[in-house]
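Visitor: for reference, the sequence and a predicted model appear below.
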Amino acid sequence: QVQLVESGGGLVQAGGSLRLSCAASGRTFSNYSMGWFRLAPGKEREFVAAISWSGSSAYYTDSVKGRFTISRDNAKNTVYLQMNSLKPEDMAVYYCAGGRRLGSTWWEYDYWGQGTQVTVSS
């Protein structure tokens, strides 16, 4: 079992930045690929970014490429999502997830955090 706890969400003006963190505990964090997903009101859960267990590979949804960066520190059992140039359409609850496969679909991930709210004002 892996427990995931997100932090770093908040209110930011459009164009601003936030860094989300996801701290893992339980089974060996470095065995898992990690992803970030988001859920906005009235929308389906959306893939944002994912990173391989080693950190050597990362993937992003097109709408965040060039603005968001996913990274991980296996020594700290933590994955990060640096979000720059935030837009109102980025507003959502952001969830981190852990899984054995590096994927962009939510069912590929076995473990989920409780989510952190990101609010972007225009």
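Guide: That came through fine.

Visitor: beta partners for A24?
Guide: L4 (DSSP bridges).

Visitor: now swap in G99 and tell me
Guide: Under the criterion used (DSSP bridges), G99 bridges to S33.

Visitor: number of residues surrounding it?
Guide: G99 is flanked by 20 other residues according to other C-beta atoms under 10 Å. Bear in mind the C-beta positions are built from the backbone N, C-alpha and C, glycine included.

Visitor: residues touching G103, list them.
Guide: 33, 35, 50, 109 (C-beta atoms under 8 Å, 6 or more residues apart in numbering).

Visitor: I misspoke; the intended subject was K76.
Guide: A23.

Visitor: report pLDDT for it.
Guide: Among the per-residue scores, K76 shows a pLDDT of 95.

Visitor: from R38, how far off is it?
Guide: 23 Å (C-beta to C-beta, to the nearest Å).

Visitor: thinking again about what came up before, got a winner among the contacts of G103 for most neighbours?
Guide: The residue in those with the most neighbours, by other C-beta under 10 Å, is G35 (29 neighbours).

Visitor: what helix or strand does it sit in?
Guide: Under the criterion of DSSP states H and E, G35 resides in strand 33-39.

Visitor: which SSE is immediately downstream of that strand?
Guide: Counting by DSSP H and E, what follows strand 33-39 is strand 46-51.

Visitor: thanks a lot, catch you later.
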